[in-house]
Each structure stands twice: as C-alpha cells, then as structure tokens.
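A.B. asks: Starting from these lines, generate the structure:
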Amino acid sequence: MPKILGRFLRKITAMDQVKDLLAITPWWAYVLLVLLIVFLRDIFQKKHTISHNFPIVGHLRYALERIGPELRQYIVANNREELPFNRSQRSWIYASSKKQNNYQGFGTDQDQSAAGYIFINPALFPYYAQPDHPNVKEKDLIPCAKIIGEYNGRRRPFRPRSIVNISAMSFGSLSARAVESLNLGAHEAGSYHNTGEGGFSPYHQKGADIMLQIGTAYFGVRDEEGRFEMKKLLRLTQSYQQIRAIEIKLSQGAKPGKGGVLPASKITKEIAEIRHIPMGKDVVSPSNHTAFTNPGELLDFIEDIASETGLPVGFKSAVGKLELWEELTDLMLERNVGPDFITIDGGEGGTGAAPPAFANHVSLPFVFAFAAVYKIFQKKGLTNRVTFIASGKLGFPSNALMAFAMGADLINVAREAMMSVGCIQAQSCHTNTCPAGVATQNKWLQRGLNVNDKSQRSAQYLKTLRKEILEITHAAGYEHPCQVTMDDVDVGMGDNNYTTTLAQAYKYQKEAVPFNNMLELVECPHLGGIKSPEVHAH
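C.D. replies: Below you'll find the predicted structure:
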C-alpha cells in the first residue's frame, strides 16, 4: 500500500511540474514548435515538390489555390467576366427570386458590338392588352401554344401552363430539400418539373406537374437486371396523376454518349428504394439504351409507352451528327408516328459532373444544335407535329426570346433554377460538398436550405422570367412569344458593329405556330398547372 501511495504522489508532483512548465512557456514557443513539426514533415515527405523545396511557405500556394475560385468570383473578376454565369446574370436571378429591384441604372454595361450579342427588334407600336385580357390580371401567365400529344392522339394530351419549366435534375444529384423547393416553386408558378433520370421521388410529389424522365439505367422502372419494365412504369403513372408526360433521355449536353457512376458510398436506403437499385454496390448508368438501338426501335418504344400510359412521350438529346435525325424524320413520315416532343439540349448545359473534354468539346451549343434539327423537321413538314423544348443557358429573357424566335415552344431551366434556391456557382456539384446544400447528400449542408423560403424564391424567379419575356414580346408587337419570328431578333457578328437577323444567320424562317389568342390557351381543357397538392396518389 505505501508503494502505491508513493507512486501516486510522484505522479501528482510530475503533473504539477508539467503545469508549471506550460505556465511559464510563452505562446510563441508553441507556434515555433508547430512550425518545426510542419518543417520536418515537409522536408521528409516526397509527394509534394513545392512543400518539399519550400517548407512551410509552400503551403500558402495550396491555400491560395483552394480559395482561388472564391477570390476571383467575389473580388477579382468584373461583372461580365465569369463563366458559366457571370456576376450580373447571377445577380439578376437572385434579385428576381427575392422580389428585389432587378433593374439597372445609367444604361447598359455590356459590349453590344460583341459577336453573338442578342438584339430584340421592338415594334413602332407595342401590343396593347385590352382590359379583359388574361394578362391584365396575371402578368406572367403564358401557356404553351401547342398541346403536347395532340397530333398523335394521346389519351391524356398536355398543354403546359407555363412556357418556362424546371429542367431534368435528379434527386441524388440534387439534395432532397433542393428538389422539394423546386417542386413547390414549380407548383406555385404553374410550371412542370422534370424528374431527371434518378426516378420519381417523394420530393417530386409536392403538387407540380411532372415530366418523368427515363434514362439509360431505367431508374425507378427497371427490373433486377437493370432492364426497362413496363409494368413498373404503368403502375407509377396510374398511381400519380400529376405525371403528365414522359421523356426518354438519349443524351444530355454536358456528356452526350457517356453514362455515369453512382458510387456505393452515396447510395442511401432512400435512393436505393426510389431507383430500384441495390445497396453497397456502385451503380453504372450505361451510355446507351438496351430497350432500343436505332431510330425505328426508338419510335416503337415511344409508341409502346404512349399506348400503355396514354401520356405524351418524347425524348431529350444533345446534337452532333445529323444522319440519324434524317432517318428518324423519314420513318416518322413513313409510319405516321413519332415523338410528341423533343428536348434539344445545348452543349453548354450541364448541372452534374462531366469530364472536361466532354463538357467543353462534345456536342453543339444550343443555337447551332437547335437550328440544325429544326431545319430537318421543317424540310420534312414535321414541325407542327412536335413540341420543341429548348435547354442550355436560356433562363434569361433575351436568350429565351431568341429560342422562341428560332422555333422553340418551351424553355427548360436548370442551373438558373438552382441559383434561385441558393446555388452560388461554387462548381463543387461533383464533390458532394456543395456549400449551399443544393447539390449534395451531406445532411449537415442540406440543413441550411430552408424549403419554405427557397420554394418561394424558385416560384418568383419563374414568374419574373415569364413576365419579362412577355413584356419584351409585347414590345415587339406580339401577344405570345410563339409569334416572334427569326426577323425579330438580330445577332451581333463581331467586327464593325455589324448585325444580322437570325433568319440570315441560320438560313431559315421558323414555321408559324397556330395561335388565335391567349384566352383560348387559358380555357384549354388540357391545360396543366395550378392544382392542389392533394394530387400525390390516386
């Protein structure tokens, strides 16, 4: 016992001595000790040349590199320099979504002589809405001029209430709160919400019309082998009446012709149940479909789905080689069948991760892609059989009007919609570390996204964009954007401040879309849009 007591007393004495030593040691000694440890670590490690050759100081290089994007975004770059969206564009989205003043004073600060600059030609006498006109009461109300599925006689044709809608972004790529915010916002604004290829989740069931996307992995409508299963699709569309159209994804602008991988580490139980995939195993989205392999089989697939579900069916694609587009349109004429809509995705698009070579160089930008495809359909007399949906940085009034002038009937917005719910263009969507909680499955980061607040901002952005599109349409002398022609929009050609019309630049005139008046669209029995959220299950 005395021995044990002695050891205990000695320990107490040693601890007191350590405390006394720590008390008399100046703070800078601790700093020097840490720097010495870092110095020794840098000298003896062989992985990083800079920190080995320049111990301690070399770490400043890595720190600056890490915060470089933020420094450029907030301090270095001017209002028009950044890509993919500059500060002025982001500021307009943020202000519009918050009901703040989105005007600017003292004239334009843009280079109007730049190549590709868009000019909308105003009329001498703008369009005047009579007191009983629908837009006197609802200044942002613009239904689609076409009924999707009307030509092919689908059992449940669909006229979107809004010409601006939420583009394909999957739950899994986006957080649950981001998807829910977008869906609630789309519901309030009367827009439809494309699910993306990740499947129809509970967060898509907040009241908005749904465009269900089917990708190459058939998430949500697949069997255990990953093949398409019609019974699951039929059960889904019958259970949820807010599903108004089905989009088959052939490719997307960011990475056409390339599939994706969902790492096992990111697959939660909820994602596994929604996508019908196993837990604990990487899931690969192939680059091609297994249900069809050529234009003829694609048409058969479209008709099978439309026949079973009664819904309009179309497809989404980036654009490159045009031979198969020619074959597709020839078969449409021969068989008198075809897609009810086609979504043209520009190569500048992309909300998810993609290899730089694909994102930067594979597939045409929107204007070239859309013009090439539209001219093929026009040549075959097929433009009014199909509803054309445009996608690719079109979430701004002038860009949207240009797309309508070229022949688009609807606009899908993705990254702009993400910004409306808080995205700050951190460009970390592929790292699961999105600081705004928008493109991450990290629960802590998601928690900062307030659904009630962000859903209101999403709705307000959609409404503001439509309102300004309509105001410019009226300034050009028209009642509806579908009436804007290729001669109503000029584009800058660069040198000598020279401009030319879209018709001259792209060598075609769009086909006139049948349109009588806005009231006729509003009273259409197939009009989608504002409904009670109690439409989740039927």
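A.B. asks: Which parts of the stretch 151-300 of the chain are strands?
C.D. replies: 164-166, 192-194, 209-214, 243-249, 260-262, 283-285 (DSSP state E, counting those that start in this stretch).
A.B. asks: Of these, which shows the lowest average pLDDT?
C.D. replies: Lowest mean pLDDT within the strands of the stretch 151-300 of the chain: strand 260-262, at a mean of 67.
A.B. asks: if we look at stretch 108-125, which residues are touching it?
C.D. replies: 79-80, 88, 398-399, 401-402, 472, 475-477, 487-494, 497, 499 (C-beta atoms under 8 Å, 6 or more residues apart in numbering). To be clear about C-beta, it is placed using only N, CA and C from the backbone, and glycine gets the same treatment.
A.B. asks: now with 6 Å?
C.D. replies: The contact list for stretch 108-125 (C-beta atoms under 6 Å, 6 or more residues apart in numbering) reads 398, 401-402, 472, 475-477, 488-492, 494, 497.
A.B. asks: Please apply the same query to stretch 469-478.
C.D. replies: 120, 122-123, 126-127, 142, 397, 400-401, 481, 484, 488.
A.B. asks: got the contact list for the nearest residue to residue 166 once chain neighbours are set aside?
C.D. replies: Spatial nearest neighbour of residue 166, excluding adjacent residues (C-beta to C-beta, 6 or more residues apart in numbering): residue 193 at 4.5 Å. Applying C-beta under 6 Å, 6+ apart, we find residue 193 in contact with 166, 183, 186, 208, 210.
A.B. asks: Closest to residue 416 out of those?
C.D. replies: Lowest distance from residue 416 to the contacts of residue 193 (C-beta to C-beta) belongs to residue 166, with 9.9 Å.
A.B. asks: What's the local residue count around that closest one?
C.D. replies: A total of 30 residues lie near residue 166 under the criterion other C-beta atoms under 10 Å.
A.B. asks: per-residue pLDDT, residue 93?
C.D. replies: 84.
A.B. asks: do the one 4 residues further on as well
C.D. replies: According to the per-residue confidence, residue 97 scores 86 in pLDDT.
A.B. asks: Looking at strand pairing, list the partners for residue 391.
C.D. replies: Beta-bridge pairing for residue 391 (DSSP bridges): residue 345, residue 412.
A.B. asks: and it, what does it touch?
C.D. replies: Residue 391 is in contact with 167, 343, 345, 349, 412, counting by C-beta under 6 Å, 6+ apart.
A.B. asks: repeat that with 10 Å
C.D. replies: With contact taken as C-beta atoms under 10 Å, 6 or more residues apart in numbering, residue 391 is in contact with 165, 167-168, 194, 252-253, 316, 318, 343-346, 348-349, 366, 369-370, 403, 408, 410-414.
A.B. asks: which helices and strands sit right next to the helix or strand where residue 332 lies?
C.D. replies: Under the criterion of DSSP states H and E, residue 332 resides in helix 323-335. The contact analysis (3 or more C-beta pairs under 10 Å, 6 or more residues apart in numbering; DSSP states H and E) places helix 323-335 against helix 295-309, strand 313-317, helix 366-379.
A.B. asks: 7 Å instead?
C.D. replies: helix 295-309, helix 366-379 (3 or more C-beta pairs under 7 Å, 6 or more residues apart in numbering; DSSP states H and E).
A.B. asks: Could you export the ones you listed as a markdown table, including mean neighbour count and mean pLDDT?
C.D. replies: Formatted as a markdown table, these follow (neighbours: other C-beta atoms under 10 Å; pLDDT from 0 to 100):
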| stretch | mean neighbour count | mean pLDDT |
| --- | --- | --- |
| helix 295-309 | 18 | 97 |
| helix 366-379 | 20 | 96 |
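A.B. asks: Minimum distance to residue 509: which of those has it?
C.D. replies: Closest among these, using C-beta to C-beta: helix 366-379, at 8.8 Å.
A.B. asks: tell me the angle that closest one makes with strand 313-317.
C.D. replies: 140 degrees (axes from the mean of the first three to the mean of the last three C-alpha atoms, to 10 degrees).
A.B. asks: what angle separates helix 366-379 from helix 323-335?
C.D. replies: Computed by the same axes, to 10 degrees, the angle between helix 366-379 and helix 323-335 is 30 degrees.
A.B. asks: Alpha carbons of helix 366-379, in CSV - could you do that?
C.D. replies: As requested, C-alpha coordinates have been extracted for helix 366-379 and formatted as CSV (Å, rounded to 0.1, in the frame of the first residue of the first chain):
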residue,chain,number,x,y,z
PHE,A,366,-27.8,25.3,-78.3
VAL,A,367,-28.2,27.8,-81.2
PHE,A,368,-26.3,25.5,-83.7
ALA,A,369,-27.9,22.3,-82.4
PHE,A,370,-31.5,23.6,-82.5
ALA,A,371,-31.2,25.2,-85.9
ALA,A,372,-29.7,22.0,-87.4
VAL,A,373,-32.5,19.8,-86.0
TYR,A,374,-35.3,22.2,-86.7
LYS,A,375,-34.4,22.6,-90.3
ILE,A,376,-34.5,18.9,-90.8
PHE,A,377,-38.0,18.7,-89.3
GLN,A,378,-39.0,21.8,-91.4
LYS,A,379,-37.8,20.2,-94.6
